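In: Sharing a model prediction with you, sequence too.
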Amino acid sequence: MSTPHLTHVTHPLVQHKLSIMRKSDTPSVQFRQLLREISQLLAYEATRDLVLTTQRIETPLTEMDAPMLAGKKLALVSILRAGNGLLDGILELIPSARVGFVGLYRDEDTLEPVQYYFKAPDALGTRPVIVVDPMLATGNSSVAAIDLLKKAGAKNLRFLCLLAAPEGIARMKEAHPDVPIITAAVDSHLNDNGYIVPGLGDAGDRMFGTK
């Protein structure tokens, strides 16, 4: 299922790796490695429309006008802490990217995000910006992060996640219809505690072995 607002990446490798991550007995070290691998496959889709220019180069046989990325270097923005699991993998694919961080935690009573940190690259208005967070659950944290980035000047944004709930997709579309979502799965629903079902639990805890 893909629309202009949502890209659901159904590639067999993505789905296989995600299924292993969902298993409750998958250890943290394997969970982190799989997340890193999936992040690169998702980033392939998220960067599909980056602008190219040409540069004259010399191959071992001849000269040619070769395609090269144009404009300012892309910015990656991680929603802490779990977003770093996606960030690390994408940085291997795009090592020249600039990096920012949004520190948000979810108030477990209200399910609303509470900000504690924000640091973004300069010239956001001239950079493609990919915001990363493994889970799009209620959508409150992602909306808050994108609010902050737009206030800082970002205009060309996209949101990359591992799992999305219909409630989070709807919240994002309502608040930021101009920000496309790239995800590996659209799950059934949120439970009473705001967790994605069937989901994979708390991504941060699964990554770092915490509770």
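Out: Here it is on my side, so go on.

In: hey, C-alpha coordinates of stretch 141-150 in CSV?
Out: What follows is stretch 141-150, C-alpha atoms only, in CSV (Å, rounded to 0.1, in the frame of the first residue of the first chain):
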residue,chain,number,x,y,z
SER,A,141,6.3,12.7,18.9
SER,A,142,6.8,12.8,15.2
VAL,A,143,4.5,15.8,14.8
ALA,A,144,6.3,17.6,17.6
ALA,A,145,9.7,16.9,16.0
ILE,A,146,8.6,18.1,12.6
ASP,A,147,7.0,21.2,14.2
LEU,A,148,10.4,22.1,15.7
LEU,A,149,12.3,21.4,12.4
LYS,A,150,9.8,23.6,10.4
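
In: Stretch 67-74: end-to-end distance?
Out: Using C-alpha to C-alpha, to the nearest Å, the span of stretch 67-74 from its first residue to its last is 17 Å.

In: In that stretch, which of the residues would be classed as buried?
Out: Under the neighbour-count criterion of 16 or more other C-beta atoms under 10 Å, stretch 67-74 has L69, K72, L74 buried. For glycine as for every other residue, the C-beta is placed from the backbone atoms N, C-alpha and C.

In: Not counting that stretch itself, show me its contacts.
Out: Stretch 67-74 is contacted by residues 47, 50-55, 94, 96-98, 123, 126-130 when judged by C-beta atoms under 8 Å, 6 or more residues apart in numbering.

In: List buried members of these by neighbour count.
Out: The neighbour-count test (16+ other C-beta under 10 Å) marks T47, I94, A97, R98, R127, P128, V129, I130 as buried among the contacts of stretch 67-74.

In: Among those, which lie within strands?
Out: Within these, residues falling in strands by DSSP state E are R98, P128, V129, I130.

In: Identify, from those, the entry nearest to L42.
Out: Nearest to L42 among those, counting by C-beta to C-beta, is I130 at 9.6 Å.

In: so what's that closest one up against?
Out: Shown in contact with I130 (C-beta under 8 Å, 6+ apart): A43, A46, T47, L74, A75, L76, V77, I90, L157, R158, F159, L160.

In: do you know how far it is from T210?
Out: Applying C-beta to C-beta, to the nearest Å, the value for I130 to T210 is 26 Å.

In: Next one, pLDDT for P113 please.
Out: In this prediction, P113 carries a pLDDT score of 80.

In: That one: neighbour count?
Out: Each residue near P113 was counted by other C-beta atoms under 10 Å, and the total is 22.

In: low-confidence ranges in this protein?
Out: 1-2 (pLDDT under 70).

In: quick one: the helices in it?
Out: For the chain, the helices defined by DSSP state H occupy 12-22, 28-46, 83-93, 140-151, 166-175, 203-208.

In: got a list of what the nearest residue to A175 once chain neighbours are set aside touches?
Out: Excluding its sequence neighbours, the residue lying closest to A175 (C-beta to C-beta, 6 or more residues apart in numbering) is V143, at 4.4 Å. V143 makes contacts with R171, M172, A175, H176, as judged by C-beta under 8 Å, 6+ apart.
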